[in-house]
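# Test case, fold it:
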Amino acid sequence: MESKKPIDIVERTNSYDKDHCWQYDIRLNNLEDDLKEADISPEKLGSMSVSDFVFKPLTTKEEKDQAKDFILRHEWLGNLSQYTTHWFGAFYHNPDTSLFGKDVMAGVILMNMPNAFSKMLGENTKDLERLISRGACISWSPKNLASKFMMWSIQWMVKNTQYRLFTAYSDPTAKELGTIYQSCNFYYVGQNSGTTTRYINPYTGKVVSDRFFRQRSAYKKYAKELNIEWQKNWCSSTGMLWDNVPDEIETKLRSHSKQKQSESKRIDFPSKHKYAYVQGRTKAETKKLRKQFEEKNKTHSYPKERGK
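Got it, this is the predicted structure:
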């Protein structure tokens, strides 16, 4: 099924007035079409359980492309995060399906390199931390599929990688509390995370953080506007290489960046709720890491009131 065009976050924020979170609203809106596409009858839906699903890492381009479409359709942000390092999928096998035995994608979780590493486990946290950046389950999935899928993904990471700390955010703008993280017994570390001021991208009209104005792609646009011929050695795949940029041109580009940001419309959002999960390969490692975490971080009771 063709993905629905994502709704702009500003439109969502200004027009959304329901008591439940936006993610749940997406599930309600997609349910009829999702059931039809998967050829699932009401009887089959009533007998469905988590044991009918399989979880696995997504490794092929075809699987990742399918996951991208899934996130665009089912996740509230309606976009993909940068620097995704690990992809996971949940699949349902319907023996009565008309899809010629092909399992139906029913959930996606993406894990990323964090935008900024924390020190929640000390100085070496950057070697242990991944950000759970995107996640969604299909509208007709069993109620506890999301929590089972989340914990399976974390366990896979612990077993197969060096990562032991998994951070995640829930967005009050979408009336999220982080229910999935609460059900999985994450630590809640408070609501002082994430950029509270965002901007309207002057080129696309999308909402962006202040980092946008300092990205390589933005500087390329500035150079074009200033009639500066861009040189390939001025940047790498991860950002600007200012040592290679002549001082006069660097000054012009940085000044133009500040001007673009100051001229762009600002939007204030509430800070995001931040959660963290710590897990080791053994009980002893888990106990040690969680003790470290609890000594270094203040935790709080879970939030219960939406939109705050």
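# I figured Tyr83 hits Met113, correct?
Yes: Tyr83 lies in contact with Met113 (CB atoms under 8 Å); the separation is 4.4 Å. For glycine as for every other residue, the C-beta is placed from the backbone atoms N, C-alpha and C.
# neighbour-wise, which of the two wins?
Met113 (16 against 12; other CB atoms under 10 Å).
# what residues are up against the more buried one?
Going by CB atoms under 8 Å, 6 or more residues apart in numbering, Met113 touches Tyr83, Thr85, Arg130, Leu131.
# export the helix or strand hosting the last one as CSV, just CAs?
Leu131 belongs to strand 129-137 when assigned by DSSP states H and E. Only the C-alpha atoms of strand 129-137 are listed here, as CSV (Å, rounded to 0.1, in the frame of the first residue of the first chain):
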residue,chain,number,x,y,z
GLU,A,129,25.0,3.9,24.2
ARG,A,130,22.4,3.6,21.4
LEU,A,131,19.4,5.8,20.9
ILE,A,132,16.0,4.2,20.2
SER,A,133,15.1,6.8,17.6
ARG,A,134,12.0,5.4,15.9
GLY,A,135,9.4,2.7,16.6
ALA,A,136,5.9,1.7,15.6
CYS,A,137,3.6,-1.3,15.4
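# now it, how far from the centre of its chain.
5 Å (CA atoms, centre = their mean, to the nearest Å).
# Same question for stretch 203-214.
Computed by CA atoms, centre = their mean, the chain-centroid distance of stretch 203-214 equals 17 Å.
# Okay, helices next: where are they in this structure?
Assigned helices in the chain, in chain order: 9-15, 22-38, 42-47, 61-74, 145-160, 179-183, 216-225, 247-263, 283-296 (criterion: DSSP state H).
# So for Phe53, which of those sits nearest?
helix 145-160 (6.3 Å; CB to CB).
# tell me the mean pLDDT for the closest one?
What helix 145-160 shows for mean pLDDT is 98.
# Just want the angle from that helix to helix 22-38.
Using axes from the mean of the first three to the mean of the last three CA atoms, to 10 degrees, the inter-axis angle of helix 145-160 relative to helix 22-38 is 90 degrees.
# Off-centre distance for helix 145-160?
That offset, for helix 145-160, works out to 16 Å (CA atoms, centre = their mean).
# buried ones in that helix?
Under the neighbour-count criterion of 16 or more other CB atoms under 10 Å, helix 145-160 has Leu145, Ala146, Ser147, Lys148, Phe149, Met150, Met151, Trp152, Ser153, Ile154, Met157, Val158 buried.
# contact partners of it?
Residues outside helix 145-160 that contact it (CB under 8 Å, 6+ apart): 50, 53, 55, 57, 86, 88, 90, 106-107, 109, 111, 130, 132, 135, 137, 163-164, 166, 180, 183-184, 277, 279-281.
# do the same with stretch 215-231
For stretch 215-231, contacts defined as CB under 8 Å, 6+ apart pick out 203, 212, 234-235, 239-240, 244-245, 249, 252-253, 256-257, 260.
# at 6 Å what do you get?
Phe212, Cys235, Gly239, Met240, Ile249, Lys252, Leu253, His256 (CB atoms under 6 Å, 6 or more residues apart in numbering).
# Can you select the buried ones among these for me in PyMOL?
A single PyMOL command selects the buried members of those (16+ other CB under 10 Å):
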select buried, resi 212+235+240+249+252+253+256
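# any idea which of the contacts of stretch 215-231 is the one closest to His300?
Within the contacts of stretch 215-231, the smallest distance to His300 is 30.8 Å, found for Phe212 (CB to CB).
# if I look at that closest one, how far off is Ser237?
17 Å (CB to CB, to the nearest Å).
# Let me have the buried residues of helix 145-160 in CSV, extended by distance to Glu294.
Below are the buried residues of helix 145-160 laid out as CSV (distance: CB to CB, whole Å):
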residue, distance to Glu294
Leu145, 30
Ala146, 26
Ser147, 23
Lys148, 26
Phe149, 26
Met150, 21
Met151, 20
Trp152, 25
Ser153, 23
Ile154, 18
Met157, 21
Val158, 18
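# So of those residues, which two are at opposite extremes in space?
Taking CB to CB as the measure, these reach their widest spread between Leu145 and Val158, a distance of 20.5 Å.
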